[in-house]
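Q: fold the following.
(4 chains)
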Amino acid sequence: MINPVLLIAIPLLAAFISVFIQKLSWVLLFGVSIFTAISGFFLQKGMFMIGGWKPPFGINLMIDDYSFIIIIVINLLFFLTLLSGMWELKKNKTILMVILAGINGLVMTGDLFNLFVFLEIITISGYILAASSDKYYSVFKYLVLGTLGSSLYLFGIMVLYGTLGTLNMADISQQFPNVSGSVKIISLTFVFAGLGVEAKLLPFNAWVKGIYGNTTPLTGPLFSTVFATGAIAVFGRIFGQILVPDSTLIFAFIALGLITFIFAETSAMASKKLRELLTFSSIGQAGLIITMFMIGGFYAALIQLINNAFAKTILFSYATKAYKSNGDDTINNMSGLFRKNVMMGFGFTVATLSLIGLPLFFGFYAKINMLQSAFALNMWIPALIILGSIIEGIYYIRLLVKLWNPGEEGQESSELAQSQFVIKNGFSLSLIAVLIGIIFVVSGIIPDFLTENIAKAADSLSDAATYLSTVLGGI
Amino acid sequence: MSQYLYIALMFVGIYGLLSQKNILKMIISLNIMELGLNLFIISTGYIKEAKAPIILFGNEGNYVDPLPQAIVLTAIVIGLGVTAVALMLARNIYKTYGTYEIDEIRGENDD
Amino acid sequence: MKKIIAILLTVAVALFVFTNLYSGDSDFKAFGEKSLEETVSKEFVNKTVDPQRVQPETGSANIVTSIVVNYRGFDTMGEVTVLFVSALGVALLGGVLRKKVTFRYKPGFIINQGMKIIVGIILISGIYIFVHGHLTPGGGFPGGAMIGSAFLLMYLSDDKFRTRIAAFKVLEGLAGSLIMIVGLVGLSTGGYFLYNFLPNGEIGQLLSAGIVPVLYVLVGLKVGSEVSNILGDFFIGEVEE
Amino acid sequence: MIEIIGVITGALIIVFGILAVESKKLINSVVYLSLLSLLSVLSFIIMKAPDVAITEAVIGSGLVTFLFIITLMQDKKAGDKK
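A: Predicted structure coming up:
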């Protein structure tokens, strides 16, 4: 059993050491990543006090079933991202180790201000990694919005502190229902806006296109899977368990999530470039998952979060690698590419089919559960979800047909198949594609293992009483 | 009363972010916003007639709330880090595009 | 036009905040009216969080320091990491710009020599501030920043000095690693990360407060070397003369 | 008495904040930001936060101002807003 503090302390220690032994920093990076990916499975559950100060006075880490599964997923994804971006690491190795510590801390921490600190760690690291694309103005927009977002978040939690006199999540979730309505509205709006920047929700996501649209094989999977999963998981934790909004605000939040979903899927439909299409698809998925968290469908939200994260790892690794090798990612020019790279094509296809939720794949269970929990509420939410999913299905199927079949649609010719595109250094990519492809197929046919754990995680999120007693009573 | 002014300062910074089109001006606005926020945080811990939270001999009890001060210490240093990165980015933007005005920046296919 | 929209938007949000935060039924504590009893800070001030420890549980006379380094030391660790990442980022971004900054004036003899004395004074006061961080106002952050500004003066007054100093990289990494190691020693001896495993001594003495001064000195060194690195990187850039 | 000083400082802070945002020359904005920072140090002292005051004095009005100025030095024309 591994103490969860080590998942933050070991990567940070390695990062500091790597400053003066730079030659060995890639060994440290891969070593740390393998350590966290494996030890995620053996994580000790419960509440861990930092410095031995009991909550709500000190800072605590909280490992329940929810953070447990998110930690496993994030650390696995981080390792896969490293494989995908193996040739892109350059001078970013130290920053990557800091990111690993930051994202683990973000998911595990039980204190609202500590969450802000970890949020700053990963966003600042994000700006620096994004700047490796040389699109400085896009990075600057991300920096301004990111700083604005975290300031708004800090304002929200300080209003809460001024009212309740505590920053501990469990303590606040206990007292929050008794807070007066006006303070509730202010704190919820500002925390929502602050986290909405990282979660890519609609009024706050002006930065996403410039950043995700210009990614490399390293930053593409990192932003779209590791960062996005962490941010959305925190979103679910805060609004599902700690600061539960009341009915008027929850209506506004659901509306924002759904508008983001529909708007992004429509924009993706019109995209001509692969990375742009995937960017809009990521925004749309974020909107969908947050809607599910808001309507209380934690199980469906989690299952789609994990499905989306693994699928996007392949899709973004592939798209960024194709761009890196050819300097172009226009979908029309890529047609017939998978004829030459069957292994990658297999992984890509499985991931896409799972993402849009076809039967026999893992994503199918996500979509079914989503609709079930949405239909339990009213009719128009599931109607919009189905509408968005159909749009998503159309453009992804169109993409797959293009990539497998060269030339005009319906015209079968192997001569036209010789697309100008090549993939350099494709071995790691094939490895990732096949690994995740197999995970998807197996988990689609035998879903019990994964779904059981996710169900436990969803239960622990909706069961606030256990969380409270573990943190405040478990001294 | 002064608490209103601190929140207002935060909104002066946000107004600057929305209205200014010069990159350095935007960074200055970010700094103003953070300053207003820091002043607001300290003001949530202020108690009338209370002393600064340092234990001297014969000076016990009745202190202002020390936790917001600890938080602002952290926030100021984080603000320094963000400002340094932002200014370095601004220099790189100037090197690439020869300007600080966002209207004159071309070639990054957005908006 | 854009300005009018910006003004309207800001005023709308500001009104939303003011009307809600200071409305009649709001239980947000008014300015100056709150009571320490209603917050977690009352235990920090009385030093009574954990009655099972040897009293006083934290020996620092400056209560803010005891919160920053002891009760909420994890935040400080994260915050030092933020500055670490920004220093790295400034170096990476600045690596694109290669030329040194040159000034039109040449520092004369008096500036050169006088600066050295001033630098010495600033360095000593910076070190004094973070060594006494647990007793007097100040501590690792301002102390470290003062060390950084001492080096700023050196950069300004001496042309030859204007290069990256490799020793700062080592100091930065070393101080950071030592902070983590102090935390891990606490984990192995006390069972908690960043556990205070040193005796607290008597409030007001220089050698008191357990790991607080140790951590604050490390934080001060780390902040100092990071700020110096950032400043050094800012001097390496293109300036049109 | 001390409350009145606090309010006056707060009002001055707002004035300098608006000046810093709306000023035509960038170098003036930077100087106003620095003044803003110094006035906020006074506010921190009035609100009994000596640690924060020292930190803000060194970092806010010292280092940040310097970073802005060295960035401005990159372009001689940048002193004027177009």
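Q: so how far is B:Pro53 from the closest residue to chain C within chain D?
A: In chain D, no residue comes nearer to chain C than D:Pro50, which is 3.6 Å away by C-beta to the nearest C-beta. C-beta here means a position set from N, CA and C on the backbone, and glycine is covered the same way. Relative to B:Pro53, D:Pro50 is positioned 9 Å away (C-beta to C-beta, to the nearest Å).
Q: so between these two, which is more surrounded?
A: B:Pro53 (29 against 18; other C-beta atoms under 10 Å in any protein chain shown).
Q: wait, the more buried one sits on C:Asn62?
A: Yes: counting by C-beta atoms under 8 Å, B:Pro53 does reach C:Asn62; the two are 7.4 Å apart.
Q: could you check stretch A:156-175 and say which residues are buried?
A: A:156-174 (16 or more other C-beta atoms under 10 Å in any protein chain shown).
Q: what's the helix or strand for the residue nearest the centre of chain C?
A: What sits nearest the mean C-alpha location of chain C, by C-alpha atoms, centre = their mean, is C:Phe141, with 2.5 Å. Following DSSP states H and E, one finds C:Phe141 within helix C:140-157.
Q: touching chain A at all, that helix?
A: No: judged by C-beta under 8 Å from any C-beta of the partner chain, helix C:140-157 stays clear of chain A, getting no closer than 14.1 Å.
Q: so which bits of the stretch 1-150 of chain A are right by chain B?
A: The stretch 1-150 of chain A comes close to chain B at residues A:113, A:117, A:120, A:124, A:127-128, A:131, A:134-141, A:143-144, A:147-148, as judged by C-beta under 8 Å from any C-beta.
Q: list only buried entries from those.
A: Using 16+ other C-beta under 10 Å, the buried ones in the residues of the stretch 1-150 of chain A next to chain B are A:113, A:117, A:120, A:124, A:127-128, A:131, A:135-141, A:143-144, A:147-148.
Q: the helix holding C:Phe141 and chain D in contact?
A: Yes: Helix C:140-157 reaches chain D (C-beta under 8 Å from any C-beta) through C:Phe141, C:Pro142, C:Ala145, C:Met146, C:Gly148, C:Ser149, C:Leu152.
Q: give me the subset of the residues you listed touching chain B.
A: Near chain B, by the rule C-beta under 8 Å from any C-beta, you find C:Phe141, C:Ala145 out of the residues of helix C:140-157 next to chain D.
Q: rewinding a little: which of the buried ones among the residues of the stretch 1-150 of chain A next to chain B fall within helices?
A: Secondary structure from DSSP state H places A:113, A:117, A:120, A:124, A:127-128, A:136-141, A:143-144, A:147-148 of these in helices.
Q: OK, contacts around the residue nearest to the centre of chain C?
A: By C-beta atoms under 8 Å, 6 or more residues apart in numbering or on different chains, the residues touching C:Phe141 are B:Leu73, B:Ile76, B:Val77, C:Val219, C:Gly220, C:Val223, D:Thr55, D:Ile59.
Q: neighbour-wise, which of those residues leads?
A: When neighbours are counted by other C-beta under 10 Å, C:Val223 leads those with 32 neighbours.
Q: quick one: it from A:Val159, how far?
A: Counting by C-beta to C-beta, the gap from C:Val223 to A:Val159 is 29 Å.
Q: and what of D:Glu22?
A: 28 Å.
Q: same deal with A:Val5?
A: 30 Å.
Q: next, A:Gly357: phi, psi?
A: Torsion angles at A:Gly357 (phi, psi; degrees, to the nearest 10) stand at phi 80, psi 40.
Q: and the spatially closest residue to it that is not a sequence neighbour, what element?
A: Leaving aside its sequence neighbours, A:Gly357 sits nearest to A:Lys367 (C-beta to C-beta, 6 or more residues apart in numbering or on different chains; 3.5 Å). If you go by DSSP H and E, A:Lys367 is part of helix A:362-375.
Q: show me where chain B has its helices.
A: B:2-19, B:23-44, B:66-97.
Q: show me the one of those that comes nearest C:Lys2.
A: Of all those, helix B:2-19 sits nearest to C:Lys2, with 6.2 Å by C-beta to C-beta.
Q: quick check, stretch A:283-300 touching chain B?
A: No: using C-beta under 8 Å from any C-beta, stretch A:283-300 never reaches chain B; the gap is at least 14.3 Å.
Q: quick one: average confidence on that stretch?
A: On average, the pLDDT along stretch A:283-300 is 87.
Q: next one: it to chain centre, how far?
A: 12 Å (C-alpha atoms, centre = their mean, to the nearest Å).
Q: excluding chain neighbours, give the residue nearest to the residue positioned nearest the centre of chain A in space.
A: Ranked by distance to the mean C-alpha position of chain A (C-alpha atoms, centre = their mean), the top residue is A:Thr229 at 1.9 Å. Distance criterion C-beta to C-beta, 6+ apart; nearest residue to A:Thr229, sequence neighbours excluded, is A:Ala309 at 4.7 Å.
Q: again, but for C:Gly140
A: Nearest to C:Gly140 is C:Val219, by C-beta to C-beta, 6+ apart, at 3.3 Å.
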